[in-house]
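Asks: next come a sequence and a model predicted from it.
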Amino acid sequence: MTDENTPRTTRPRKWSLAGTVAATALAAAHPVVVTSLAATTGLHASAAQASEGGEAGESGEAGVELSEGPSAFLTQLGYFEGTYRIISRLYLDGETNAARAHMEESHHAFYDDIEDALQAYGAPGFRAEDAAFVAAVRDGADADTVRKAFDTLHEAISLNAAAADASLRDQILSLKDLVALAAAEYEGGVAGDGAIDIAIEYRDSWGFYDVARARARAMVDSGTPDAVKAGQDVLDQLDGAEALYPGLLTDKASTDPSQLTVATGWIEIIALRQD
């Protein structure tokens with residue numbers, strides 16, 4: 001991600017909810033756990049406008065060192081999934097305008113940013129599912145339609161994750177990356193007194209955290225002994241972190257988000273314990 005003071009080059013993009021991904025990552029060998037909560041939309045008047053809208057959300061991620069290989073692909077998919085989760089959560093909570101605003105402003109949702117990685121892993125892609133979800137949110141569909149579109153999109157992301165055939169270690173390294181991103185975004189979006197300074201970074205923090213938590217739960221639900229134990233170990237580290245997020249539209253959050261930073265370190269240890 002670029003520093004707030006660093007000019008960023010822009011180029012025309014096909015805006016879809018699946019999009020701008022600064023990291024690289026997502027896959028699965030043991031059950032890859034992506035959990036469940038779209039072509040050009042015209043939401044952005046121009047690529048430059050979309051870029052400007054995303055600049056505020058980039059500072060929190062600066063300096064986060066991400067893993068490489070299959071875990072990076074899993075993390076990259078996590079950027080997309082986190083964005084979808086935020087929009088879905090807002091929309092289904094009745095905050096439809098806020099959901100559309102986040103969809104328009106997000107810098108994590110340009111489908112062409114992930115196409116090369118999808119091709120490299122022989123993944124089928126999820127452009128059609130992305131387009132359907134974006135259209136449902138954009139056009140004011142009823143809650144059931146949006147929920148179904150999200151679930152279908154989530155299933156498609158899970159299928160793409162499986163294409164990477166990631167080891168359990170790589171899957172957990174991706175969880176570490178997602179929690180590290182959550183910590184960085186929280187620091188970038190929330191002031192020391194708990195005031196929300198940059199709302200999109202605060203929401204992005206929740207998105208990364210929610211993806212990591214959901215994937216860890218999926219490991220536990222997989223029934224595979226090693227994955228069950230590792231997933232539970234990760235959940236233990238994240239236990240109670242939901243209190244950091246009193247609401248996606250709140251103007252006040254926690255003054256002490258250190259649990260996310262501590263969890264990042266422990267999750268890396270959990271990953272390195274895997275064969």
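Replies: Received it, and whenever you're ready, just let me know what you need.

Asks: got phi/psi on Val190?
Replies: Torsion angles at Val190 (phi, psi; degrees, to the nearest 10) stand at phi -120, psi 130.

Asks: ok, it touching Asp251?
Replies: No: using C-beta atoms under 8 Å, Val190 is not in contact with Asp251; the gap is 10.4 Å. (Each C-beta comes from the backbone N, C-alpha and C, glycine too.)

Asks: neighbour count for those two, which is higher?
Replies: Neighbours per residue (other C-beta atoms under 10 Å) separate Val190 from Asp251, with Val190 holding more: 24 against 12.

Asks: so where do the helices sit in the stretch 51-200 of the chain?
Replies: For the stretch 51-200 of the chain, the helices defined by DSSP state H, counting those that start in this stretch occupy 70-92, 96-105, 115-120, 127-138, 143-162, 168-189, 199-222.

Asks: quickly list what's touching both of Val190 and Asp251.
Replies: By C-beta atoms under 8 Å, 6 or more residues apart in numbering, Val190 and Asp251 have these common neighbours: Ile196.

Asks: give me the most central residue, the protein.
Replies: Gly82 (2.6 Å; C-alpha atoms, centre = their mean).

Asks: was I right about that one contacting Val211?
Replies: Yes: taking contacts as C-beta under 8 Å, Gly82 lies within contact range of Val211: 4.9 Å.

Asks: list residues touching both of those two?
Replies: By the contact definition C-beta under 8 Å, 6+ apart, Gly82 and Val211 are jointly contacted by Leu178.

Asks: my read: Val64 touches Ala182, true?
Replies: No: with contact defined as C-beta under 8 Å, Val64 does not reach Ala182; the gap is 9.9 Å.

Asks: out of those two, which sits in the more crowded spot?
Replies: Set Val64 next to Ala182 and count neighbours by other C-beta under 10 Å: Ala182 wins out with 32 against 17.

Asks: the more buried one reaches Ser205, doesn't it?
Replies: Yes: Ala182 lies in contact with Ser205 (C-beta under 8 Å); the separation is 4.7 Å.

Asks: between these two, which contacts overlap?
Replies: Common neighbours of Ala182 and Ser205, using C-beta under 8 Å, 6+ apart, are Leu260.

Asks: count the residues that sit near Val134.
Replies: When neighbours are defined as other C-beta under 10 Å, Val134 has 27 of them.

Asks: so how far is Ser167 from it?
Replies: Between Val134 and Ser167 the distance, using C-beta to C-beta, to the nearest Å, works out to 33 Å.

Asks: just send the helices of the stretch 51-200 of the chain back as a markdown table, with distance to Ile267 too.
Replies: A markdown table is the format used below for the helices of the stretch 51-200 of the chain (distance: least, C-beta to C-beta, whole Å):
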| stretch | distance to Ile267 |
| --- | --- |
| helix 70-92 | 12 |
| helix 96-105 | 26 |
| helix 115-120 | 23 |
| helix 127-138 | 28 |
| helix 143-162 | 18 |
| helix 168-189 | 4 |
| helix 199-222 | 8 |
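
Asks: out of those helices, which is closest to Leu260?
Replies: Leu260 lies closest to helix 168-189 among those, at 3.7 Å (C-beta to C-beta).

Asks: returning to what we had before: got the contact list for the residue nearest to the centre of the chain?
Replies: Here Gly82 is in contact with 108, 178, 204, 207-208, 210-211 (criterion: C-beta under 8 Å, 6+ apart).

Asks: low-confidence ranges, the stretch 101-250 of the chain, go.
Replies: In the prediction, the stretch 101-250 of the chain carries no residues with pLDDT under 70.

Asks: got a list of what the closest residue to Leu90 other than its chain neighbours touches?
Replies: Nearest residue to Leu90 in three dimensions, chain neighbours excluded: Ala99, at 3.8 Å (C-beta to C-beta, 6 or more residues apart in numbering). The contact partners of Ala99, by C-beta under 8 Å, 6+ apart, come to 87-88, 90-91, 137.

Asks: what's the neighbour count on the nearest residue to Leu153 once chain neighbours are set aside?
Replies: Nearest non-adjacent residue to Leu153, counting by C-beta to C-beta, 6+ apart: Glu129, 4.2 Å away. Residues within reach of Glu129, counting by other C-beta under 10 Å, total 25.
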